[in-house]
Structure formats: C-alpha cells, structure tokens
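**Student:** based on what follows, work out the 3D shape:
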Amino acid sequence: MIQRRSICATIVLIISCVQSTHAFSSASSQSARSAASLSSNLNSKTQIISPLSLQHQRSSPIQKKPQLSPTSLHAVEGDFDPDAIKNSVSEVQSGSIKARLRALYKFTRPHTIRGTILASFAGTIRALVDTPGAIATADWGAMLPRAFIGMIALLLGNAFIVGINQIFDKDIDVLNKPFLPVASGEMSGRVAWFAVLFSGIVGPAIVYNFFPMMLFKLYMLGWTLGMVYSVPPLRTKRNPLAAGLTIATVRGFLLNFGVYYAVKDAIGAPFGWSPKVSFIARFMTAFATVIAVTKDLPDVEGDKAYNISTLATKLGVSKIAKGATACLLLNYMHAILTGVLSKAGTFNAIPMVGGHAALAIMLLTRFKELEPEKLASIKKYYKHIWDLFYLEYFLYTLI
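**Tutor:** Numbering: from 1, shown residues only. Predicted structure coming up:
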C-alpha cells in the first residue's frame, strides 16, 4: 500500500512539472496561430520575395495587434509575427550588440541546447551515483573545470550541427521557420559561416586536447553525421530513414553514452554497462527516433515546395502523429516493464514505474488535444514531445 501511494505521489509530482511547461507552450503556440490561419495562402504563391514579405502573407488581415514600441517587440523561437521579425532585423542592422547576441542565441536553437545540457547533468549525476564513494572522494577542483570544458565542447558541437543546417536550409526555412536568424536576415551568411566554422573547429580541438581518444572519436562521429545530414551531396535529411538514424544515433546514443563515459574516466572508475545506462541508451535512442520523424510535422509545406521527402509529406500529419504517439507509448511500456521485471534493487520502482506511467498519461492527454489541420496545434504537439524528452532526464537521475 505504501509503495502504491509513493508511485501515485510521483505521478502527481511529474504532472505538476509538466503543467508548468504546458503554460509556456500555450504562449509560444499563440504566436504561430497567425501563420496557421493563412498557411493555405502559400500554395497560391509562386514567387518568394523575402522572409518578411512571406510573413505578411501569413499574417491575418483581420486580427489587430496592440501598438508596441520598436524596442519592445522581438522575434523569438517559433515566432511568425512579421512585425517582430522586422524589428529584430532592424536592430541588428542598426549595430545593436544585444540584438546580434540575441540572433546568435536563436542560431543555436535553444530547445536543442536544453536537451544537451540536461543530458550532460543527468549523465554526470548518474555516473557519480553509480560509483561508490565517488562523490565523497572526487577531486572537485580538477573535475569542475573539466566538466565545464566538456560542456562547452558539447554546446559547440550542437551549434555546429544546427548552424550548418540553417545555412543549407535557408530557402526552406523562409517557408517553414522564418523566425530563424539566417532565414529572416538577422544574421548574414558570412556571420553564420563564421559561427559554424568556429564551432566546428574549436569543439573538436577541445575534446582532442582534454579528453581520451575514445571520446574524440565518438565526438567526431557525431560531428560527421550532423554535417552530412545537411550538406550536399549526401544530405541525409532528404531520406526519412537516414535522417531518423542520424538524429537517433547522435542525440540518443552518442550523447548519453559519451557523457557517462567521460565522467567515469574523470573519476578514474572503469566504464561498465550498468542496467540504468543500458536502459537510458535504449530509451533515448528510441525517443530521438520519434523526434527525428515528428520534427517534420510543422514543415510539410516547405518540404513539399523543395522536394524534401519526409514521412510527414508522404503520410500526412495525422498518421505520423498517431504513429509517433504509439511508438512513445511502447517506449514507456518498455520502461515500466523493465522496472517491474528487473531483479529487486536494480531500479527504484517509484520513478521507474510511476514516473514513466505519469509521462505516458501526459503523452496521451497532449495527443488528444492535437488538431492535425492547424499549424499552431501541430507545433504545440511537437513541443510537448520535447517536454517529455527533457523530463526523462529528470527521471534518469532518480531511477
């Protein structure tokens, strides 16, 4: 009875955490409603003049916005408001350092940065907890700077992959993601290439000089897969299977395994495939595969216009959303059964069973809210998948 009450309490706790992310996603999806209301207009346009003129086509002529000062309105991640985008571009052109830093921040795709940081913290905590006496005997004076350097290298790798994608996808992003700095004109091609080359050179140099050769090889594998995903002639994003495998490998396996291995090496402990590490590698690889498919849901119009073949363009939003939800539910069932069937003491039952049951309930709730014909609802559904991805790292530290 006590165990059941504890599991129920965990479910309530996690649902409360997700409610706070729901409030943010509701606000962010609001900015996309103006795009959804006239997304059909894109099909009647045969010429693209500029990101800003396209956004005026997406804006509703009926809806009136409150008058804001030029400095109070800026384009943010997911923002289709043409006035906000125009103001952001104008501030960059005026020489504002703050505006340029804001553009650089958007260039790094903040939602992917959050995933990288959470994976790093969760993997570090897991490795320390799994190693008896590591926390008490660790040389924190040496470990903390090393951890910080490792985090910088990961973020640079992240920036390299998402940055080079924006350079080669500029024309597509004008349709699908006009708020991105390269597509909107906030960031020039020269600045974008400088940021990508800097990230792509400094990141590997850091790993080569401060970490074992094994980690450097893993890092360069992820670096290479991320590059060929966007860069011709391979450009694996054009093939749904290759694109899914690329994202699943980099964000699902390499990131989680690499962080755990790095921490074990730093504390002088031998690496071993513990049940918890094996579980998170399997679970997050499957989850990242789903993200690789659902990321294309809001981009159907642009992908069709530029002959990018994705499962979403072939099967449609509704079928992909149903399939993605089913796959994630199976992933959660796998987590629950792993906790139930494993030898006693292998996992903490409350987060492993109760926590994953709570996230499965949240997934079903969000799926029922999806309206496949509305862009704002599609973007909201996709953001909720990322919210669940983030929360999994919270559970990882507890299982």
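**Student:** touching, Pro232 and Ile167? I think so.
**Tutor:** No: Pro232 lies out of contact with Ile167 (Cβ atoms under 8 Å); the separation is 11.7 Å. C-betas here are computed from N, CA, C, even on glycine.
**Student:** who has more neighbours, these two?
**Tutor:** Remark: of Pro232 and Ile167, Ile167 carries more neighbours, 18 against 8, as counted by other Cβ atoms under 10 Å.
**Student:** does that one touch Val196 like I think?
**Tutor:** Yes: here Ile167 reaches Val196: they are 6.5 Å apart, a contact under Cβ under 8 Å.
**Student:** what residues are shared contacts of the two?
**Tutor:** With contacts defined as Cβ atoms under 8 Å, 6 or more residues apart in numbering, no residue is shared by Ile167 and Val196.
**Student:** so what touches stretch 122-141?
**Tutor:** In contact with stretch 122-141 (Cβ under 8 Å, 6+ apart) are residues 147, 256, 259-260, 263-264, 267, 269, 274, 276-277, 280, 393-394, 396-397.
**Student:** cutoff 7 Å now
**Tutor:** 147, 256, 259-260, 263-264, 267, 269, 274, 276, 393, 396-397 (Cβ atoms under 7 Å, 6 or more residues apart in numbering).
**Student:** of these, keep whichever come out buried.
**Tutor:** Buried by 16 or more other Cβ atoms under 10 Å: 147, 256, 259-260, 263-264, 267, 269, 276, 393, 396-397, out of the contacts of stretch 122-141.
**Student:** among those residues, which lie within helices?
**Tutor:** Those of those mapping onto helices are 147, 256, 259-260, 263-264, 276, 393, 396, per DSSP state H.
**Student:** out of those residues, what pair is the most spread apart?
**Tutor:** Ala147 and Lys276 (19.9 Å; Cβ to Cβ).
**Student:** need the residue closest to the centroid of this protein.
**Tutor:** The centroid of the chain falls nearest to Thr112 when counting by Cα atoms, centre = their mean (3.6 Å).
**Student:** which strand or helix spans that one?
**Tutor:** helix 110-130 (DSSP states H and E).
**Student:** thought Thr249 was touching Thr224?
**Tutor:** No: if you go by Cβ atoms under 7 Å, Thr249 and Thr224 don't touch, sitting 10.7 Å apart.
**Student:** neighbour count: the two, which is higher?
**Tutor:** Shown here are Thr249 and Thr224; by other Cβ under 10 Å, Thr249 has more neighbours (19 against 12).
**Student:** skipping adjacent residues, who's closest to that one in space?
**Tutor:** Computed as Cβ to Cβ, 6 or more residues apart in numbering, the closest residue to Thr249 that is not its neighbour in sequence is Leu225, at 6.1 Å.
**Student:** how close does that neighbour sit to Arg251?
**Tutor:** Shown here: Leu225 relative to Arg251, a distance of 10 Å by Cβ to Cβ, to the nearest Å.
**Student:** which one of those two is surrounded by more residues?
**Tutor:** Taking neighbours as other Cβ under 10 Å, Leu225 and Arg251 compare with Arg251 leading, 26 against 18.
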